[in-house]
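Novice: Attaching a predicted model along with its sequence, questions to come.
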Amino acid sequence: MRILRLWLIKITQKIWRKGRSPRLRLLLVLVLICLTVRSLPYLAPIRAVDIAQDREAIEFSDRNGLPLGTILTRDQEHTAAVPLDRVSSHFVRAIIAAEDSRFYQHGATDVRAIARSLLEAAQAKQLVSGASTITMQLARMLDPVPRTLPNKVRELWLSWRIFAGMNRDEILESYINRLPMSGNIYGVEAASRTYFGISAADLNLAQASLLAAIPNDPNNLNPYYRWQSLKKRQTYVLDRMVKDKYITRSQANRALAEEILLAPKEQGIIAAPHFLFWLSNQLPKQHPSHIRTTIDRSLQQFVEAQVQQVVNSLSPHNVHNAAALVINNHTGEVLAYIGSPDYFNQAEIGRNDGVQALRQPGSTLKPFLYELALEKRAIRPNTILADVPTYYAIPGAKLYSPTNYNEQTFLGPVRVRVALANSLNIPAVRVLEKVGVPTFLNRLHELGFEHLTQSPEYYGLGLVLGSGEVSLFELARAYVTLARQGQFTPIVTTFNDAQLQNTQPVINEKTAALITNMLSDAHARAQEFGVDSVLALPFTTAVKTGTSSNFRDTWTVGFTTDYTVATWVGNFNGDRMKKVSGVMGAAPLWNHIMLHLHEHQEPAPFPTLKGLVQRPICAISGWKPTPDCPSVVREYFYPEDISKYETESGSLKLSEEYNGWLAKQSKSSFTNSNFKIVFPQNDDYFVINQNEKSRLEFKLAGVNTTPVEWWLNGKKLTTQSSNSLFWQLQPGEWNLQVKSGKIVDSVRFQVQITENKSQRRGFSFVSNSVYLPAK
């Protein structure tokens, strides 16, 4: 630094003497001053305090004080900084002998080592040995850059800055606390704890020389996987120690022959590794060294075992991963947090955290849509929704046609309760149309789904079917809000957290209770899941399943008054499972956890529905049942709708949107109240080619065993009990009439002849004819 300052002074003096213009002199001096000031950070010595490591180990315990494990740093890189006097002298000597035997004799660089390296390279015509000193290696750790000539100069300069600001013991201490020790382990203390379960101060010669061998090639000298290669390098380290007279040959031989027992790979973490790493990243910079968490270790270990068992049982279906989260509804405390079946299983990407991973949630967002729609009166509890094939025009894409999970069955007219409980897709999309995607997306943001960051147009109507990506943590938090009757509360993970201080209502209490009632109705979901499925428990629970497209994710989230349990089953790599739905994948795991939680005490029942009135309704009309209603059930009403209920009876006649669905139903599916012609429809128009024969199929819905008379323009065609009849198209205006007892239905349609055999744009062929539907 002194030489550099003298050089700058001389340059300034020359500029001042030779410069002809005073302005030029001033300009050059200002430029020189600016360059000097800007370069100061790269010129100043580096002191120990400048590169001090603040990564201290954090000890975690469960809610009862039982140890969960120690995390050496918060970023899944095991690092623990210790003073030099707390490191075994065996290791200090071993690392110096192996990496820089003249460390205490030279400066930042070792001229003798550089000369030796150049000579050996010239003789062998290739690089035989390096000349990097410990100080140079430390510089490379502090500023890792690609190995190029300019970067080598940069490394040398950084080395001299380190040497100028730190003594050798400080350099050595910084160095051994940053040593790469294979995988995500850095520093001798972290390596000692990980591989041997002891502190660095307690290393014996055999252990110390083994650890000192790793930094030479940490990727290929892992003690768990490359033992023989590591022992070979240990031999080199011990030989260097003998050469430098740190130990005798007999000591080296004994150390090499000594049997070394490695700790289990999960040593240091007893339970909840995903939770500990996630939590350590949430802690403030200043935090205590011991953290008491809300985890219940016995419950955590039980759920971990259940996760492993479910994955093992589903492995023939190409299932390899699962995750689970358990939260106390009263306090918001996380009781169990399992991110994968085995954190330490590298082959199955075990370190991935399934609780925080973003995946498509399938149908698990539907309860929040129905709640919002009920809250805004877009629908009512007695609303009847059409579960029939439906098509939506998507700009720049093919027609969008949602299907249900089974991809075939449509239920026709369904109550809101049945549509939600059976996770029907088309009714949900219809409700989202009423509510609006922006409104629903805003509600999801209020519930804490912070990763749904795209625009409403990006998600579209598919948002309610899982087109966005959310985490299991976000889902569980939202369902806790539902379980708490609409009161949002932060999730609590440690006993340092403020307990329930930020609770606030997010959703309406009455509609939250109504949705809970629907999700806990086992008979309402019987159509899809049956009454005695794994979702049915011996106590009251509200539950929802979800399956993402192509069976990539299965979810089950449910709650009692006491606990919310969220489970996910799938594959971290995105592989499809083999026909594994939510009720087959995640639901059994949810079932086992819920039964265990309430093994000794059943939960309290859900609160009664206040401010709602229950009345019998017809399951087809949604209103007061008439004598011919085939199915009468009880449903809740808003008080303001009771007067309409008492004065009106809903019609059993289904609207035209049901026609296509009705045509595919069996004879006994509906009564004669829905006896109607579904094809053709009124004012349909057909075009046929001259001299070509085409047949048209008349279709009828609501047919029972009573014979049906078919009449066309007053002429009887036939009498039969079938729901269809084929007729050869003839030009003219036609009136089709059908009679079943006293019930009659009729439609008008036209048939015309055209000489143009090409299909007209916007028309569709019926056999060889062209069909223009009524508008």
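Specialist: Done, it's in. Residues are numbered from 1 along each chain as shown.
Novice: use CA for all of it now, contacts and neighbours both
Specialist: Noted.
Novice: pLDDT wise, what is Gly582 at?
Specialist: Here, the pLDDT recorded for Gly582 equals 64.
Novice: secondary structure class for Gly69?
Specialist: Under DSSP: H, G, I helix; E, B strand; the rest coil, the three-state class of Gly69 is strand.
Novice: show me the contacts for it.
Specialist: 59-61, 268-271, 273 (Cα atoms under 8 Å, 6 or more residues apart in numbering).
Novice: Would you mind checking those residues for buried ones?
Specialist: Buried members of those, counted by 16 or more other Cα atoms under 10 Å: 59-61, 268-271, 273.
Novice: Strands of the stretch 1-150 of the chain, residue ranges please.
Specialist: 58-61, 67-71, 78-79 (DSSP state E, counting those that start in this stretch).
Novice: Include distance to Tyr337 and mean pLDDT when you put the ones you listed into TSV, please.
Specialist: Shown next, in TSV, are those (distance: least, Cα to Cα, whole Å; pLDDT from 0 to 100):
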stretch	distance to Tyr337	mean pLDDT
strand 58-61	14	87
strand 67-71	12	84
strand 78-79	21	66
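Novice: mind putting those in CSV, distance to Gln300 included?
Specialist: As requested, the strands of the stretch 1-150 of the chain are exported to CSV (distance: least, Cα to Cα, whole Å):
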stretch, distance to Gln300
strand 58-61, 12
strand 67-71, 10
strand 78-79, 23
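Novice: so where is the stretch 651-775 of the chain shaky, pLDDT-wise?
Specialist: Low-confidence segments of the stretch 651-775 of the chain, defined by pLDDT under 70: 665-674, 692, 703-704, 755-775.
Novice: All the helices of it, residue numbers only.
Specialist: Remark: helices assigned in the stretch 651-775 of the chain by DSSP state H, counting those that start in this stretch are 659-663.
Novice: Low-confidence stretches in the stretch 351-500 of the chain?
Specialist: Ranges of the stretch 351-500 of the chain meeting pLDDT under 70: 393-400, 405-408, 497-500.
Novice: What segments of it are helices?
Specialist: With DSSP H, counting those that start in this stretch as the criterion, the stretch 351-500 of the chain has helices spanning 366-375, 416-421, 425-435, 437-446, 456-459, 472-483.
Novice: how about TSV for these, with mean neighbour count and distance to Ser694 added?
Specialist: Below are those laid out as TSV (neighbours: other Cα atoms under 10 Å; distance: least, Cα to Cα, whole Å):
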stretch	mean neighbour count	distance to Ser694
helix 366-375	23	46
helix 416-421	25	41
helix 425-435	21	35
helix 437-446	17	45
helix 456-459	14	44
helix 472-483	26	56
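Novice: right, and Arg695 touches Gln728 too?
Specialist: Yes - here Arg695 reaches Gln728: they are 4.2 Å apart, a contact under Cα atoms under 8 Å.
Novice: Looking at those two, which has the bigger crowd around it?
Specialist: Arg695 (15 against 9; other Cα atoms under 10 Å).
Novice: How about the backbone phi and psi for the most centrally placed residue in the chain?
Specialist: In the chain, the residue lying closest to the centroid (Cα atoms, centre = their mean) is Leu358, at 2.3 Å. Phi and psi for Leu358, reported as degrees, to the nearest 10, are phi -90, psi 120.
Novice: same check, this time on the one 3 residues further on
Specialist: When quoted as degrees, to the nearest 10, the phi and psi of Pro361 stand at phi -90, psi 0.
Novice: so what's it up against?
Specialist: With Cα under 8 Å, 6+ apart, Pro361 has these contacts: 465-470, 546-548, 553-555.
Novice: Redo the buried ones among the contacts of Gly69 as a markdown table? Include distance to Asn219.
Specialist: Below are those laid out as a markdown table (distance: Cα to Cα, whole Å):
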| residue | distance to Asn219 |
| --- | --- |
| Glu59 | 28 |
| Phe60 | 30 |
| Ser61 | 32 |
| Gly268 | 22 |
| Ile269 | 23 |
| Ile270 | 26 |
| Ala271 | 27 |
| Pro273 | 23 |
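Novice: before we move on, back to that, looking at the contacts of Pro361, which has the most residues close by?
Specialist: In the contacts of Pro361, the most neighbours by other Cα under 10 Å go to Trp555, 33 neighbours.
Novice: Provide the secondary structure category for that residue.
Specialist: Applying three-state DSSP: Trp555 is strand.
Novice: Next one: it from Pro456, what distance?
Specialist: 24 Å (Cα to Cα, to the nearest Å).
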